[in-house]
Each structure stands twice: as structure tokens, then as C-alpha cells.
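**Student:** next come a sequence and a model predicted from it.
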Amino acid sequence: DSAPCSTRPSAGRLRALDGLRLLAALWVALYHYLGQDHERSPWGQLAATIFPDWDFLAPYGWLGVEVFFIVSGFAICMSCWNRSLGAFFRSRVTRLYPAYWVAVVLTFVVISVTPAVAEAPRWSDVLVNLTMLQEPLQVPLVDPVYWTLWFEMKFYLLFAVVVWMGLTYKRVIVFCLIWTIGGAMSEGVSQPILNMIFMPSYNSYFIIGIGLYLIHRFGNQLLTWLVIGVNVVTAFFYAVRKMEHQAKDVVHQPLESWVVAATLLLAVALVYAIARGRLDWVRGDWITKAGALTYPFYLLQLHVGLAVIYWLYVLAELSAYVVLPATLGVVLLLSWLVHRFVERPLAAWLTGRLASGRGLSLNPTDLLAAPSTAPRVHGRSSRGTAEAAAADPGAADSESGSTVRIPSPNGSRRSGGDSSQRRSRDELTIARK
């Protein structure tokens, strides 16, 4: 639908994108450890009084989630281009669920033995959380960070429609336009179903990421930049609204809108630079390996991390300047263990099962169907012989080497049954000879 750009960026692994994702996750963790002012603070006091130099950076860490969504829009569009809907489904299931299952169980265990951090959920709530459907079912989250997963899933479901049709520039850009307009319209009406589908507060970030991937693949197109520009404006609008909520109800300190704008523009600029190949010099397998820890790290960093802070700072009475890096190190180590020994092997097993279709066939064998009781002729059922005879009337006779005499309609009313039987036996004997 559009001519490719003259200078193509790298089509390989975008390691800088992995690094950006990990930095965003670390920023979110600092927000939870140092920026939030809540009753269950593991420090026993305001973190700002312990780390006054971090008071500027940490309260804005909630913007790391917005950066996640931009990267997600880019990465999902990149990973499923030229792939089938089945491959897209398998990649999302194997990417999301293995680490998530471990994180839910581990978080439940940790907060059960550390009630100072959070109230332990009920078993029934834990089971529902394992499905990742706790948000639509309005079940309490085992860990508050899980709220982002429902938005990711809704994005996958919407984008799956385009994947099913086949990804092209035109179809993807039309999808972005419809989602942009739908998000704006759903904001002005009191229809929960529209808000659930179009996600007006967060759809702009995904669309920005998709648009930046289109630039990566098709170059600088005016229509693509128009879509990105409109959604940068709407993203800033919703981010400022969220900033006001954060300042009043969460961090309890004034926040500046220019910091929010600068963060969003910097994120867009970095992803654009990655898309155009300007950051291809960022190399090293360690960046990719570190980026692979982002998802389990994000799932574990809140409640598990707060529990580690409580154990080391309150119970062990270690220095706060030792506890903070130690907590990040412990959560990163747990993330590596989950990734290495659970996520990778379980994802590989699930991929094999889903790719083979075992247990997922849409046309399985009917085990309750009545078995055929018709006699078999030379290794074949009479049903099969009848079907072959219908296709080729002489086929059955040639295979059996005998002639089948079809009686006339009035044959059953003939007289002289004994002579008829003798004639039939004589005819059958002659035919076999």
C-alpha cells in the first residue's frame, strides 16, 4: 500500500527496545517503593524522608506503564506481521500465562506470611486470578499491578481481527483510525461497553506504538504521522488527568504537567529512533537477556518487593541505602529464576502442544457415536463397499470376484421356491468359475 523507505532499518532483534522496556519496569518499581504514600508503607514512614534526592523522579514512575503500552503496540505489530491468527494466539498465550501463574502463586504465599504488606486474598480469588479474567469478573487482584494485563488482553483481542484479515499497511492504519475515533466518541457517552472495548484512557499509547512500527516497516508516511500526532495529543490529555489523580490521592504532592509531556515525547522519540535504526548500535546479548526479565520482574516487583523491604529494613534493621538496591537485586534474581526454570520450558511445552493442535481440535472424534455394525468384506465394511459401488458400480464386483444378482421387484412373489433356489445356486457356481 505504500512504497518502502529508501534506507531500511534493521529487521533483526531490536535490542534497544528490550532495554527501554526494562528501564520502564525499574521506574515503575521505584514509584512503588519510594513514590507512593500509603498506609502499608514497608519503610514505616514516608519514603521521601529517607530518600529526599529521589523525591523528584519516583512520583512520576506511574508513567512507566504508559511507556509499556507504547512499546507493546510496537512489539505486537512487529511480532505478528506475516503470521497467522493461530500463531498470534499461541505467541500471546505462551508469553503471558507461564510467568503469570508463578507470580500469582508466589505473591499469594509472600503476602500470606507478611500481612504487614497486604491483606492475603481468598483462595477463590486466587483461582480466578489464575485465569487473568479477574478484572471483568470484578474479583480483587492478588497484586494491584495486574490491572494492566486486562488492557493488554483487550488490545490483543481487538488487533486479532486485523491479524485474521491479514496485516497490510492499509488495514492497520484503518484499524488505528477507527480505534482513535471510537475512543474519543466513547469518552462522551455513558456506555460501559464502549469504554471497555475502546479503552479511551489508554488506547492512544497502543496506537502510537503501532504507528511507530508502521514507520519502521514503511518509512515516514504523512498519514501515519497524522495518526501518531493525534494520539500523542490525546495521550497527553489523559496523562494529565491521571497526574492530577496521582498528585491528590497517591503521592500526595504536586506534579508538573511539563514533566508528563516531556516523558511522553521522550518515549515517542526513543521508539522512533529504534524504529528508524538510529539505535542499532545498542548491542549485546545481555540486553536481550535482561529485557526478557521485564515481564516477570513487573509481576513480582510490587508485593514481593515490598515484602523484601519489610524483612530487611524493619525486621533486620539494615540501612535503607542497602535495602533498596538489595530489594531490586532480589526481585531481579527471582525474575531470572522464573524466566529460566518456568517461563522458558513451560512456554516451549505449550507452544508444542498448541502448534500440534492436540486437545485443541475443532473437529474431535465423537466417542459417543454408534459404531458401525455392518459386516466387513475382505477387510472393508459393507458401508465402504456400498460407497465404492455408488461411485463405480463395477468396483465391488471386480474386487470380490463374484457376481451379485439383483432380484426383480416381484422376485419375492415367485412360485416354485425350490427350483428358484436351485437356479440361484447354479448361477452363483457358474459365476465363481
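**Tutor:** Noted; the coordinates are in hand.
**Student:** which parts of the stretch 151-300 of the chain are helices?
**Tutor:** Secondary structure of the stretch 151-300 of the chain (DSSP state H, counting those that start in this stretch): helices located at 169-187, 192-198, 203-218, 222-245, 257-275, 285-292, 294-300.
**Student:** give the buried residues for the longest one.
**Tutor:** Which is helix 222-245. 223-224, 227-228, 230-232, 234-236, 238-239, 242-243 (16 or more other CB atoms under 10 Å). Yep, even glycine has a C-beta here, placed from its N, CA and C like the rest.
**Student:** the third one too?
**Tutor:** Counting neighbours by 16+ other CB under 10 Å, one finds that the buried residues in helix 203-218 are 203-218.
**Student:** that one to helix 257-275, inter-axis angle?
**Tutor:** 30 degrees (axes from the mean of the first three to the mean of the last three CA atoms, to 10 degrees).
**Student:** what's the answer for the first one, then?
**Tutor:** Relative orientation of helix 169-187 versus helix 257-275 (the same axes, to 10 degrees): 160 degrees.
**Student:** show me what helix 169-187 is packed up against.
**Tutor:** helix 147-165, helix 192-198, helix 203-218, helix 222-245 (3 or more CB pairs under 8 Å, 6 or more residues apart in numbering; DSSP states H and E).
**Student:** out of those helices, which is closest to residue 324?
**Tutor:** Taking CB to CB, helix 147-165 is the member of the helices and strands packed on helix 169-187 nearest to residue 324, at 23.6 Å.
**Student:** about what we covered before: so which of the helices of the stretch 151-300 of the chain is nearest residue 32?
**Tutor:** helix 294-300 (10.5 Å).
**Student:** in the chain, which helix or strand is least confident?
**Tutor:** Using mean pLDDT, DSSP states H and E, the weakest-scoring helix or strand in the chain turns out to be helix 395-400, at a mean of 42.
**Student:** quick one, which of the helices of the stretch 151-300 of the chain is nearest to residue 143?
**Tutor:** The nearest among the helices of the stretch 151-300 of the chain, by CB to CB, is helix 294-300 at 7.1 Å.
**Student:** who are the packing partners of the closest one?
**Tutor:** helix 15-30, helix 85-113, helix 320-338.
**Student:** may I have stretch 66-80 as CSV, with CA atoms only?
**Tutor:** Taking Å, rounded to 0.1, in the frame of the first residue of the first chain, the C-alpha atoms of stretch 66-80 are listed here in CSV:
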residue,chain,number,x,y,z
GLU,A,66,2.3,4.3,29.6
VAL,A,67,5.7,3.6,28.1
PHE,A,68,5.0,-0.1,28.4
PHE,A,69,1.8,0.3,26.3
ILE,A,70,3.7,2.3,23.6
VAL,A,71,6.3,-0.5,23.4
SER,A,72,3.6,-3.1,23.4
GLY,A,73,1.8,-1.6,20.4
PHE,A,74,5.1,-1.6,18.5
ALA,A,75,6.2,-5.1,19.6
ILE,A,76,2.8,-6.8,19.0
CYS,A,77,2.5,-5.3,15.5
MET,A,78,6.1,-6.4,14.8
SER,A,79,5.8,-9.9,16.2
CYS,A,80,2.6,-10.9,14.3
